[in-house]
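Participant: generate coordinates for the sequence data below:
(4 chains)
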There are 2 protein chains.
Amino acid sequence: MPKPLPLLEDISPITCDPLSSTGMVSTADAVALAVRLKALGDPVRIQMVSLLLTRPELQACTCDLAPAVGLSEPTVSHHLKQLLTAGFVTKKRVGMNVHYRLVPEAVQAISGVLDIRVSIPAGGIDPPA
Amino acid sequence: MPKPLPLLEDISPITCDPLSSTGMVSTADAVALAVRLKALGDPVRIQMVSLLLTRPELQACTCDLAPAVGLSEPTVSHHLKQLLTAGFVTKKRVGMNVHYRLVPEAVQAISGVLDIRVSIPAGGIDPPA
DNA sequence: CACGATCTTCGACTTATGTCGAATAGGTGG
DNA sequence: CCACCTATTCGACATAAGTCGAAGATCGTG
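Facilitator: Predicted coordinates:
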């Protein structure tokens, strides 16, 4: 039985320490990070994030994204919801359209957590000598 | 029908440009990145990576990891294989044990790709004024 | 060689996920 | 108000994924 990943209660950019610093990560932090990584762990969603990054205002509507990724609008809406509930985009109605806007800080925060800078323990671990 | 993510043919740390630089990411790069993010998108695997980071040699065997994450050894083996096929760990037999060793460059590479530094387009996008 | 320890593979099971078409909701404009 | 456009929700479906116990593979030791 797969461990069901919970919905994030806190949608803001993740704020836990880099993986390498705190020794062992807490279970809560592991879940918080995993949920976000899983949300990004799909080619379609990566492409959507990438596309949003090309926009000057970092935003686009569903009807723009659907043809760009070659999928139906319901499917795109589904993916956008994944990104939304993981805190990577925000949504805003503008007339008939819904503008999804990237939250670059959320992506940047993931980069920060994954920015492990291995502390070479007096002798090095990389040189196997 | 879910798009089946392919097995990575190239296990080395990802080498594509940061998401923000190249305009739109290619489909191949999107897949390569998504596969790796998906491999990290599980609390158990995050904890295992975290645990490996606490080890001076960045390595541990299955029998160490299983009790640490509170799962059966087959399950831990399954997760290790996920990390292995995504290039985040290497395996090596040492007597009766199998040492899984973290590949920190692989994690660091993900951090680099996700390190988006939004180019403020002459007027700023963050201040909504 | 036979036994014990470690690890992986193999089913099996349950739940999650990606995808679509059809139906519904929300908004604009004649 | 009605037609139209956009977006989401709803079923439905096929496949992927996490978990375990049992069985098999690999190695070291007596």
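Participant: from here on, contacts and neighbour counts on C-alpha atoms
Facilitator: Will do.
Participant: can you map out the helices along chain A?
Facilitator: A:27-40, A:43-54, A:62-69, A:73-85, A:104-114 (DSSP state H).
Participant: for A:Leu65, what are its contacts?
Facilitator: Residues near A:Leu65 by C-alpha atoms under 8 Å, 6 or more residues apart in numbering or on different chains: A:Met48, A:Val76.
Participant: repeat the analysis, applying 10 Å as the threshold.
Facilitator: The contact partners of A:Leu65, taken as C-alpha atoms under 10 Å, 6 or more residues apart in numbering or on different chains, are A:Gln47, A:Met48, A:Leu51, A:Leu52, A:Leu71, A:Ser72, A:Glu73, A:Val76, A:Ser77, A:Leu80, A:Tyr100.
Participant: who in chain A is up against DNA strand C?
Facilitator: Contact residues, chain A versus DNA strand C (C-alpha under 7 Å from any atom of the strand): A:1-5, A:41-42, A:44, A:70-75, A:78-79, A:93-96.
Participant: quick one, which of these are buried?
Facilitator: A:Gly41, A:Asp42, A:Val44, A:His79 (16 or more other C-alpha atoms under 10 Å in any protein chain shown).
Participant: can you redo those as a markdown table with pLDDT?
Facilitator: What follows is those, written out as a markdown table (pLDDT from 0 to 100):
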| residue | pLDDT |
| --- | --- |
| A:Gly41 | 98 |
| A:Asp42 | 98 |
| A:Val44 | 98 |
| A:His79 | 98 |
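Participant: per-residue confidence for A:Ile120?
Facilitator: With respect to pLDDT, A:Ile120 has a value of 57.
Participant: what of A:Thr90?
Facilitator: For A:Thr90, pLDDT reads 98.
Participant: any idea how far A:Thr75 is from it?
Facilitator: Counting by C-alpha to C-alpha, to the nearest Å, the separation of A:Thr90 from A:Thr75 is 18 Å.
Participant: returning to what we had before: between the helices of chain A, which one is closest to B:Gln108.
Facilitator: helix A:104-114 (6.4 Å; C-alpha to C-alpha).
Participant: quick one: low-confidence parts of chain A?
Facilitator: A:1-3, A:22, A:118-129 (pLDDT under 70).
Participant: CA-only coordinates of stretch A:60-78 in PDB, if you can.
Facilitator: The C-alpha trace of stretch A:60-78 is given here as PDB (Å, rounded to 0.1, in the frame of the first residue of the first chain):
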ATOM      1  CA  ALA A  60       0.100  32.100 -18.900                       C
ATOM      2  CA  CYS A  61      -3.400  30.800 -19.100                       C
ATOM      3  CA  THR A  62      -4.600  27.300 -19.600                       C
ATOM      4  CA  CYS A  63      -5.400  27.800 -23.300                       C
ATOM      5  CA  ASP A  64      -1.800  28.900 -23.900                       C
ATOM      6  CA  LEU A  65      -0.300  26.000 -22.100                       C
ATOM      7  CA  ALA A  66      -2.400  23.200 -23.600                       C
ATOM      8  CA  PRO A  67      -1.200  23.500 -27.200                       C
ATOM      9  CA  ALA A  68       2.300  24.200 -26.000                       C
ATOM     10  CA  VAL A  69       2.500  20.800 -24.300                       C
ATOM     11  CA  GLY A  70       0.300  19.000 -26.700                       C
ATOM     12  CA  LEU A  71      -2.300  17.800 -24.200                       C
ATOM     13  CA  SER A  72      -6.000  18.400 -23.600                       C
ATOM     14  CA  GLU A  73      -7.100  21.300 -21.500                       C
ATOM     15  CA  PRO A  74      -8.500  19.100 -18.700                       C
ATOM     16  CA  THR A  75      -5.100  17.400 -18.400                       C
ATOM     17  CA  VAL A  76      -3.300  20.700 -18.400                       C
ATOM     18  CA  SER A  77      -5.700  21.900 -15.700                       C
ATOM     19  CA  HIS A  78      -4.900  18.800 -13.700                       C
END
